[in-house]
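Peer 1: Here is a sequence together with a model predicted from it:
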Amino acid sequence: MQRFILVRSEDITGVSGIGEVAEGIVFTNGMVVIRWLRKPYALGYFQTLKDVIRIHGHEGCTRVKFIDQVDIN
């Protein structure tokens, strides 16, 4: 499983704000759960991380920051 944060540089809808707006996890089968960090603190379930970005990416203003990513040099 991979944990991540959705980080938004611009909120084009004026609803969820900017900065760290949601946390999530990608399960080993590719399914994703996200939890919004602002009211109403909703949960969302998606088939893929690509779906999350397609729906909540705010036209490129949102990036995925993986928490447990390790750089191997």
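Peer 2: In hand now; what should we look at? A quick note: this is a predicted structure, and the numbers were derived from the prediction, not measured. Residues are numbered from 1 along each chain as shown.
Peer 1: List the strands paired with the helix or strand hosting residue 21, with their directions.
Peer 2: Element membership for residue 21 (DSSP states H and E) is strand 19-26. Using DSSP bridges, the strands paired with strand 19-26 in its sheet are strand 2-8 (antiparallel), strand 32-36 (antiparallel).
Peer 1: C-alpha coordinates for it, CSV please?
Peer 2: Taking C-alpha atoms only, strand 19-26 is exported to CSV below (Å, rounded to 0.1, in the frame of the first residue of the first chain):
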residue,chain,number,x,y,z
GLY,A,19,-2.1,23.3,0.4
GLU,A,20,-2.7,19.7,1.7
VAL,A,21,-6.4,19.1,1.0
ALA,A,22,-6.7,15.3,1.3
GLU,A,23,-4.9,12.2,2.4
GLY,A,24,-5.2,8.8,0.9
ILE,A,25,-4.0,5.3,0.2
VAL,A,26,-3.5,3.3,-2.9
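Peer 1: Name the residues of it that are buried.
Peer 2: Using 16 or more other C-beta atoms under 10 Å as the test for burial, strand 19-26 gives 21-24, 26. Backbone N, C-alpha and C define where each C-beta goes, glycine included.
Peer 1: do the same with stretch 7-17
Peer 2: Result for stretch 7-17 [16+ other C-beta under 10 Å]: buried residues 8, 16.
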